[in-house]
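K.L.:
Return atomic coordinates for the entry below.
(3 chains)
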Amino acid sequence: MSRIGVFVCHCGENISRTVDVEQVAKAAGEIPGVAYSCDYKYMCSDPGQTLLKKAVAEHKLDGVLVAACSPRMHEKTFRKAAESAGLNPYLCEMANIREHCSWVHEDREMATEKATGIVKLMVERVRKGKSLAPITVPVTKRALVIGGGIAGIQAALDIADAGHRVVLVERDPSIGGHMAQLSETFPTLDCSQCIMTPKMVDVANHPNITLYTYAEIEKVDGYIGNFQVTVKHKARSVDESKCTGCGVCMTKCPKKKIPNEFDQGHGMRPAIYVPFPQAVPNTPVIDRENCTMFQSGKCGVCAKVCGPGAVDYEQTDSFTVEDVGAIVVATGFKLYTIDRKPEDSPIQGYGEFGYGTIPDVIDGMTFERLASASGPTGGKILRPSDGKEPKQVVFIQCVGSRAREKGISYCSKVCCMYTAKHTMLYHHKVHDGQAYVFFMDARTPGKGYDEFWRRAVEEEEAVYIRGMVSRMYQKGDKIVVMGSDIQVGVQVEIEADLVVLATAVQAQDGADLLAQKLGISYDKYNFYSEAHAKLKPVECATAGIYLAGACQGPKDIPDTVSQASAAAAKVMTLFAKDQLERDPVVAKVNEKYCVGCFACKKVCAYGAIEEKEIRDRQGNLVKKVAYVNPGVCGGCGTCQATCPSKSIELDGYTDEQIMAMIEAL
Amino acid sequence: MTPGKKKLSYSYYPGCSLHASGREYDISTRALFKALNVGLKEVPDWFCCGATPAHNVDELLSLSLCAKNLSLADQVEGDLAVACAACFSRLKTTQHHLKEDETKRKQVEYAIDGPASLNKPVKHILEILAREYGLAKLEESVKKPLMGLKVAAYYGCLLTRPPEVPELDDCEDPSIMEDILRALGAEPVKWSHRMECCGANFTLSRPGVVLKLSNAILESARLAGADCIMVACPLCHGNLDIRQKEIKEAYGAPDSTLFGSIFGSDLPLSTTSEDRRDLPIFYITQLAALAMGVASQSLGFESVIIDPKPLLRDKQLL
Amino acid sequence: MKNKLMHLSNETMNVGFVKKVEALSGSSVRRCFQCGKCSAGCPMSTFMEHPPNRIVRLLQLGQGQRVLAGRSIWYCASCETCTTRCPNKVDLAAIMDALRKLSWDADGPSKESYVQLANRLFIENIRTYGRQYELRLGAIFNMKSGQFLKDLMLGPKLLSKGKLKMFHSKNRNIGDIEGIFKRIEEMRKKGEAL
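P.N.:
Next up, the predicted model:
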């Protein structure tokens, strides 16, 4: 015979207003096996917990039920109290008579009856409960950072500076990301490369950081503390260990007119190249699709001129498996383009702006390259079509963003600020030019941000026009921009020399595929989802994986760096212990009955179920059964419900417990 | 100057209105100051400050006219007392602008052929009564408290706006008029339109504007239960008093919505036509002098359009 | 004019005019971020085709002509409510003064001749007499504006109440006053003052 204690909470008046708590306690006391029952105003308070502890000792209780609020609220509180009284914490359960009863009912009598029923069935669960011990898993103190933009760089440096080893994987030939492309940064107008390149060099030189560029994530196995990540190293065609970065190959390469991605296609690069002079590593890569050697087999100039013999046309993709305990995802963003989209695409282009066919209609990133000293024009604002200096420049905000009919309803957050910056850069470089900005709202929350925008208007003389542009078309060498000033209430027409579109920030191409490899969730725009919008903004719902930067949603540099450091701090917290404790509410397989159908494996959302071979003493295979990795199991119970042979059970929610609960009603 | 130690004495700039359409303001000011034993000496040869029309189209002219008047005032001892809110505003504005703007000061000094007098303190009658003579002493001096008289104190625009110029009181929630009224024994009412514009000098060029704006002020005072309105500006007085009958004709009867139809929507708040009682408009100095026991015959009541005597008799103040 | 398509370019935006307005008013036009508070509190807003905020907006776009072509500036009562409450310290009342001066200098193209006429007569009175001669002001205004019957009943009443005086004498120092007008004109002619 068990000795269970039942404690009924008033929750101030939250429960007692509708439920007759005294009667519930009395009814509980009459259940066979209940050795003690009482009611109390606030069970979660210190006196309430003391009451519970005293009762355990005095009445020699072997199980405890607290009838109060949701277990999400206070299960930990009461389990701790039970544990300090000498009970196994998993023999303490909660009956939810607040959210499930008093808050949703008005009739006192019926609510009391329902509360009594809930207590009765939960008493059965306690009675059939088992002592459980927390699961411990070892932690590999080595982190993987995916993405080498400012987010990944910051996270990698922080973790490495804390003394942990880091693997940084970057898809492009160099780290740096979008920030390396920017000319100057808001709200202080400091040169982006000047603050970025030292950090890039720090990454390359850091003893704790292993840098893989031109590499991608192929496969992710394991779980928090114990991930095995397969990294694909794309064939660079240049041996990194031999290359000295002298650059002779690039100067001698006969094919030089390939549009440079780093300059948004406005500058040219050879087929063997580094994306930009400050690239880290300063090791070239051969663009095989544009290389004559690879396309026709006739050339080989670069190999001939390479002193150290680093050029290797035979190189193939290779793979490494990295053991890491935590993953920071920092894959960044891409920019929306206004060109015509496929018919089935949920995102539409801008036909009214010419679908990207007007040469002097460019996007914000292209303007950054035009304004950058290291850009294709050497920092002069010259328009793409004829290289002339534009005297009338129209900037348009919210292109793609906040345009539900084009498929994107969110605000891209950074465009108001960078457009203000663009008008300033333009004004600084073209003194007799005039900048116009068409905008719907100026969204400038942030330290020094609104002041920055006002400076663009008041001191740098940008003409801001509240209202959107309906259409634009080429007329001679001008672009006619048809807009409206809704403050005046008139149509406005400007014959512009150059139009700059603040296009929407979108998730990276392939963001969804990477999410599937990682087992993390993402929203309909392919931005990665945080575990809680407010309280867990850098954690994924999947344990051990953290987010940094614009891969989670549009973000500026300060926010990105903050989030990257926050993600690094989370990794350090994880690495602070040698062993990781996990809730023991996990599934277990009864190998005797398991027939190895692996229906459970198919439904497991966590990928926690593996196939295990059972062999006899001679080593002959007897059968294959399911095995639940306790480090990965999320305790959802789906496998238990699926198993046709009833050979898989979730601790704390066994069939025996659930049947007893049903019978108690 | 501290009251009690030495006799208070002021130089006085009446302004054009106080010698014509606002003569009762001048009469009652002089009577009040005499009753309070405060000296008042008119500036010789003063001339028009330019008022709104001058600064409306020619700021330099406006500043020069005021600066010249200020230097005329320098010849008379004592701070400069001003009763008209418009003259007060222009003289204070001139000092304020010329102190801040060196270029304008030089232009003005050339125009008036002499130095601009920027440091002569310019004081409105209200602040002389409330601060220099003092509310306590004012209350002591009352011979006939204005018991039971419910007064809507009307500030209008220029006594408080813009905040850095008149330095008279809070620009959104002043209390100087109400304080004085309480000292006089009257009962100031709480009302909504005490700082709204009456239409000012549109009375000459576009009287329709005045009818609409002043009607809103009168209606608000009526709804607050006021017996009368107290002002400190001859232009406000003119619009509320001289045009009151016209306003009643335009907005009074439910069917005569001529101006309502011309100038847009009717007022959100309106009393019924029977409730559109006449509201006598008093100058602050008239009420104060009355409380000091000055004979009503010397307060210029005969000059106003809405006869205040029935109300005063009703409240046993005559 | 009010709804006409607006072409914006360095040529069509009259920045010189705006600079003049800023110099005369001592107030920046660019500071305004179009919150609308001025128009919200303006007692004369309903009489204007361009409410105060739009006047500033038009100035920001260098559209002085559009402003002057309308009657709005002549319907400003100079109540200073806008200036008092502006969150950006734009002195709109002073900007209105500046606009009226520039319109006055250009002798039009304002449609609001009544208000201009009243102002002109008022200033003329100062130059001629020193102090305002209210009866003359009213009479000449009615005559020149062709509204012979305006306030017809009011005049005699005010006369009888002593509020209007039949006769009015000139100031002793009328010569000094004339000097002020003369020297201002002289400064302007020399380009020493706006």
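K.L.:
From now on I want contacts and neighbour counts done on CA atoms only, so please keep to that.
P.N.:
Noted.
K.L.:
and the residue most central in space within chain C, what element?
P.N.:
Centroid check for chain C by CA atoms, centre = their mean gives C:Arg100 as the closest residue, at 3.8 Å. Following DSSP states H and E, one finds C:Arg100 within helix C:92-105.
K.L.:
before we move on, what about A:Leu168?
P.N.:
Using DSSP H and E, A:Leu168 falls in strand A:165-169.
K.L.:
interface residues of chain A facing chain B?
P.N.:
Contact residues, chain A versus chain B (CA under 8 Å from any CA of the partner chain): none.
K.L.:
Which segments of chain A make up each domain?
P.N.:
What automatic domain parsing lists as the domains of chain A is A:4-128, A:137-232+A:322-332+A:508-578, A:235-316, A:337-505, A:587-664.
K.L.:
Can you give me the distance of the residue sitting furthest away from the middle of chain C to chain A?
P.N.:
In chain C, the greatest distance from the average C-alpha position (CA atoms, centre = their mean) is reached by C:Ser160, at 32.6 Å. Noted for C:Ser160: a distance of 50 Å to chain A, by CA to the nearest CA, to the nearest Å.
K.L.:
One more: C:Cys38?
P.N.:
C:Cys38 is 14 Å from chain A, by CA to the nearest CA.
K.L.:
which SS class is the closest residue to that residue other than its chain neighbours?
P.N.:
Nearest residue to C:Cys38, sequence neighbours excluded (CA to CA, 6 or more residues apart in numbering or on different chains): C:Cys82, at 4.4 Å. Look at C:Cys82: counting by DSSP: H, G, I helix; E, B strand; the rest coil, its state is helix.
K.L.:
Get me the contact residues on chain C for chain A.
P.N.:
C:2-10, C:30-31, C:34, C:54, C:57-58, C:60-61.
K.L.:
about what we covered before: gap between the strand holding A:Leu168 and the chain center?
P.N.:
Distance of strand A:165-169 from the chain centroid (CA atoms, centre = their mean, to the nearest Å) equals 17 Å.
K.L.:
Domain ranges for chain C, per the record?
P.N.:
C:15-105, C:113-189.
K.L.:
So which residue is smack in the middle of chain B?
P.N.:
B:Ala232 (1.7 Å).
K.L.:
Next, count neighbours for the closest residue to A:Val56 other than its chain neighbours.
P.N.:
Spatial nearest neighbour of A:Val56, chain neighbours left out: A:Ala85 (6.5 Å); criterion: CA to CA, 6+ apart. Applying other CA atoms under 10 Å in any protein chain shown, we find 18 residues neighbouring A:Ala85.
K.L.:
now do A:Gly476
P.N.:
By other CA under 10 Å, neighbour count at A:Gly476 equals 7.
K.L.:
roughly how far apart are it and chain C?
P.N.:
Distance of A:Gly476 to chain C, given as CA to the nearest CA: 17 Å.
K.L.:
Contacts only, for C:Pro51.
P.N.:
C:39, C:45, C:72 (CA atoms under 8 Å, 6 or more residues apart in numbering or on different chains).
K.L.:
before we move on, what about A:Thr377?
P.N.:
Contacts here follow CA under 8 Å, 6+ apart; on that basis A:Thr377 touches A:370-371.
K.L.:
how about 7 Å then?
P.N.:
Applying CA atoms under 7 Å, 6 or more residues apart in numbering or on different chains, we find A:Thr377 in contact with A:Leu370.
K.L.:
Quick check: it is in a helix.
P.N.:
No - under three-state DSSP, A:Thr377 sits outside any helix and is assigned coil.
K.L.:
which phi and psi does the residue lying closest to B:Asp26 once chain neighbours are set aside have?
P.N.:
In space, not counting the residues next to it along the chain, B:Asp26 is nearest to B:Leu18; the distance is 5.2 Å by CA to CA, 6+ apart. The phi/psi pair for B:Leu18 (degrees, to the nearest 10) reads phi -70, psi -10.
K.L.:
tell me, how many neighbours does B:Leu18 end up with?
P.N.:
The number of residues near B:Leu18, taken as other CA under 10 Å, comes to 20.
K.L.:
which stretches of the chain aren't confidently modelled?
P.N.:
The chain I'm using is chain A. A:1 (pLDDT under 70).
K.L.:
You answered for a different chain; I wanted chain C.
P.N.:
C:1-2, C:107-112.
K.L.:
by contact count, what packs against the helix holding C:Arg100?
P.N.:
Applying 3 or more CA pairs under 7 Å, 6 or more residues apart in numbering or on different chains; DSSP states H and E, one finds that helix C:92-105 contacts helix B:51-57, helix C:15-25, helix C:81-85.
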